Structure formats: C-alpha cells, structure tokens
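S.K.: Pasted the sequence and its predicted model underneath.
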Amino acid sequence: MATLGPSATVPDDARGASIALGNFDGVHRGHQAVIATAREAAQAIGAPLGVAVFEPHPRRFFQPSAPPFRLQSAGQRARALAELGVDEVFEVGFDAALSQSSDRDFAEKLLRDCLGARHVCVGADFRFGRGRMGDAASLARLGEEFGFGVTAVAPVGGEDKISSSGVRAAIEGGDMERAEDLLSRPWAIEGEVQRGFARGRDFGFPTANVALGDYVRPRLGVYAVRVDTGDGVLLPGVASVGVNPTVGELPAPLLEAHLFDFSGDLYGRTIEVELIHFLRDEAKFDDIGALKRQMTQDVIDARRALIGR
C-alpha cells in the first residue's frame with residue numbers, strides 16, 4: 001500500500017493502472033461493481049488494477065466530532081481488496097489542500113501526475129473537489145484532456161442502491177443478515193484483546209474483550225459470532241456488545257466475546273469477530289444469578305443460530 005499526497009509520485013512500476021476511485025468503506029457489493037469494471041478496463045488495456053482510497057475518510061475530516069462510523073479497519077479493507085485481485089492500493093491523504101482543490105487540479109495533479117492513471121472508474125454519484133464541484137461527467141471531460149479514460153458505474157440495487165450508509169443502518173439496527181447480504185461477507189470487528197475485570201471468567205463464561213474504536217456502533221445486545229483468533233480458523237461463540245448495566249456500567253460500549261470450547265490465552269492478540277445473528281437486546285438483570293441463567297441461554301441460542309455456519 002502506498003500512502004500519497006496529491007503532489008507525491010509513485011514508483012514507475014505502480015503507475016499506469018486502471019484505478020477504482022472512492023472511499024470503499026466496507027468494500028460492499030456496490031464497491032465491488034466499481035472494482036470489477038476497473039478490472040475489465042485493466043485487462044482491456046493491459047494495465048495493473050489499482051484502487052485509490054482516502055484517509056482519513058472525508059466524513060471524518062469535515063466532521064471531526066461525528067460519532068464513529070467506519071465499517072472496516074484499514075487492514076480489513078486491504079484484505080478485502082486483495083481478495084478481489086487488486087494489484088495496487090493507493091492511500092491518498094485527505095487534508096485541507098486536497099479538500100480545497102478544484103476538480104481540474106484533482107484530475108491533473110492526483111490522477112495524471114501522481115498516479116499516472118490510464119483509466120479511472122467511479123460510482124455514478126461520485127463527487128470530488130472543492131464544495132463537491134466535480135462529478136462523473138466533469139471527470140470524464142477532464143480525463144479526455146489529461147489522457148485517461150473514465151467509466152461511471154451505475155448503482156447496484158437500483159432505487160434501493162447498496163451504500164455504506166445502508167450497511168451502517170443495518171448494523172445499527174442489529175440486522176446482521178442484511179449487512180452480510182450488502183457486504184457479501186459477515187460484518188466483523190477487528191481489534192486487540194484487552195484485559196478487563198475477568199467477571200465473565202468468574203461467571204464461567206470467559207470473554208475476549210475488544211474496544212469498538214472507530215467502528216460504527218452495532219445495536220447493543222447479544223450476538224451469535226464467529227471468531228478468528230489469528231490463524232484463519234473461525235471459532236463459534238457468543239458476544240455481548242454493550243456497557244454491562246448489571247455489574248457496573250462501562251463508560252463506552254465494549255465487545256465481549258465468549259468462544260465455545262476454547263481455553264487459550266488471547267490477551268494482546270488481534271482477533272476478528274464476525275457478528276452473525278442478533279439474539280437479544282442488552283438488559284439489566286435484578287441479580288447475578290439471573291444474569292448467569294440468561295448467559296447460559298444465550299450460549300444455547302447462539303449455538304442454534306450458528307448451525308450450518
């Protein structure tokens with residue numbers, strides 16, 4: 001992955017790509033259509049397939065105090081792009097200078113001079129430049145002038161188009177099946193396992209605790225999950241996303257995953273937790289006994305929900 005500013009240059013062997021351009025947060029099915037079109041162009045002109053993304057996300061740049069909204073970590077996005085056969089990922093630094101550039105400067109300095117793009121594919125609703133002055137039509141005109149082709153890709157899903165906002169809405173509502181359909185894979189949270197109060201272990205349900213960080217906040221409650229502990233093997237489990245109202249409310253929601261039939265030490269390891277099915281809302285129980293009885297039932301329900309997964 002190359003991290004770039006608009007005045008940077010890339011190595012000669014990375015220039016001249018057919019580039020899918022956008023934020024690609026989630027790499028959902030709509031993004032995949034843009035990348036597939038860029039791949040077709042790459043094959044037609046004998047060029048490598050590249051993806052150019054913006055970091056930080058423009059939404060975070062313009063709204064620094066906005067609630068967390070990301071669908072993926074940078075690592076998850078990179079892996080998803082690699083699985084699609086992307087040869088080069090260009091991470092473009094989104095800063096004040098880029099946000100205030102004209103559509104012409106964007107096309108000339110970033111796409112032509114920096115990336116040496118031979119073809120650029122964008123979603124039909126793509127906007128760029130100061131005040132969102134540029135669109136797919138203006139990019140096509142500029143491409144003619146600066147020597148690269150442009151393809152605008154129609155939304156996937158028609159009027160109910162697939163979008164990152166739609167994925168976020170599904171996750172916030174606990175509709176993990178809908179999120180999985182839009183993404184073409186289960187939605188997952190990746191992070192380092194932190195030490196907690198070990199209350200789950202005391203209750204007979206040891207958990208791996210992961211901070212939610214920049215991820216969009218899923219509906220608070222309990223989920224059937226699958227967990228990759230770092231070796232690529234998915235282990236079944238049940239997870240709570242919430243603030244632990246029964247045993248002492250946390251300052252922020254936390255992901256606490258209990259892996260079935262697992263006894264290893266995960267502290268300090270990076271794991272990825274797929275949220276497969278929403279089981280129930282977070283609840284405050286009258287006593288610890290009631291909480292433990294519900295946790296036992298949660299394990300039963302999660303095992304049932306994961307049959308065939």
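M.R.: That came through, no problem. Every value quoted in this text rests on a predicted model; they were computed, and no experiment measured them. Numbers count the residues shown, from 1 in each chain.

S.K.: helices or strands up against the helix or strand where R77 lies?
M.R.: R77 belongs to helix 74-83 when elements are defined using DSSP states H and E. Contacts defined by 3 or more CB pairs under 8 Å, 6 or more residues apart in numbering; DSSP states H and E place helix 74-83 against strand 49-55, strand 88-93, strand 188-192. Yep, even glycine has a C-beta here, placed from its N, CA and C like the rest.

S.K.: now with 10 Å?
M.R.: Contacts defined by 3 or more CB pairs under 10 Å, 6 or more residues apart in numbering; DSSP states H and E place helix 74-83 against helix 29-45, strand 49-55, strand 88-93, strand 188-192, strand 270-281.

S.K.: by how many degrees do it and strand 49-55 diverge?
M.R.: 160 degrees (axes from the mean of the first three to the mean of the last three CA atoms, to 10 degrees).

S.K.: Show me where the chain has its strands.
M.R.: 2-4, 18-21, 49-55, 88-93, 119-123, 149-153, 188-192, 208-211, 221-228, 234-242, 254-259, 270-281 (DSSP state E).

S.K.: Between strand 49-55 and the fifth one, find me the angle.
M.R.: In this structure, strand 119-123 runs at an angle of 50 degrees to strand 49-55, with the same axes, to 10 degrees as the basis.

S.K.: What's the mean pLDDT across strand 119-123?
M.R.: Strand 119-123 shows a mean pLDDT of 98.

S.K.: next one: it to chain centre, how far?
M.R.: 20 Å (CA atoms, centre = their mean, to the nearest Å).

S.K.: And the pLDDT for R304?
M.R.: pLDDT, R304: 97.

S.K.: Any idea how far apart the tips of stretch 205-215 sit?
M.R.: By CA to CA, to the nearest Å, the extent of stretch 205-215 from end to end equals 25 Å.

S.K.: typo on my end, stretch 147-163
M.R.: Terminal residues of stretch 147-163 are spaced 30 Å apart (CA to CA).

S.K.: Test my guess that V241 contacts L250.
M.R.: No: V241 is beyond contact range of L250, at 11.1 Å (criterion: CB atoms under 10 Å).

S.K.: got any residues that touch both of those two?
M.R.: E256 (CB atoms under 10 Å, 6 or more residues apart in numbering).

S.K.: Neighbour count for those two, which is higher?
M.R.: Neighbour count, other CB atoms under 10 Å: between V241 and L250, V241 has more, with 25 against 14.

S.K.: Could you list which residues are in contact with the more buried one?
M.R.: Contacts of V241 (CB under 10 Å, 6+ apart): 174, 189, 210, 212, 217-223, 225, 253-257, 273, 275, 278, 282.

S.K.: hey, which of the strands of the chain is tucked in deepest?
M.R.: Among the strands of the chain, strand 18-21 has the highest mean neighbour count (mean count of other CB atoms under 10 Å), at a mean of 29.

S.K.: Please name the strands paired to that one in the sheet, noting orientation.
M.R.: strand 49-55 (parallel), strand 119-123 (parallel) (DSSP bridges).

S.K.: In CSV, list the C-alpha atoms belonging to the helix holding R77.
M.R.: C-alpha atoms of helix 74-83 as CSV (Å, rounded to 0.1, in the frame of the first residue of the first chain):
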residue,chain,number,x,y,z
ALA,A,74,-7.5,-0.3,7.2
GLY,A,75,-6.3,-3.9,7.5
GLN,A,76,-9.7,-5.4,6.8
ARG,A,77,-10.2,-3.2,3.8
ALA,A,78,-6.7,-4.1,2.4
ARG,A,79,-7.5,-7.8,2.8
ALA,A,80,-10.9,-7.4,1.1
LEU,A,81,-9.3,-5.6,-1.8
ALA,A,82,-6.6,-8.2,-2.1
GLU,A,83,-9.3,-10.9,-2.3
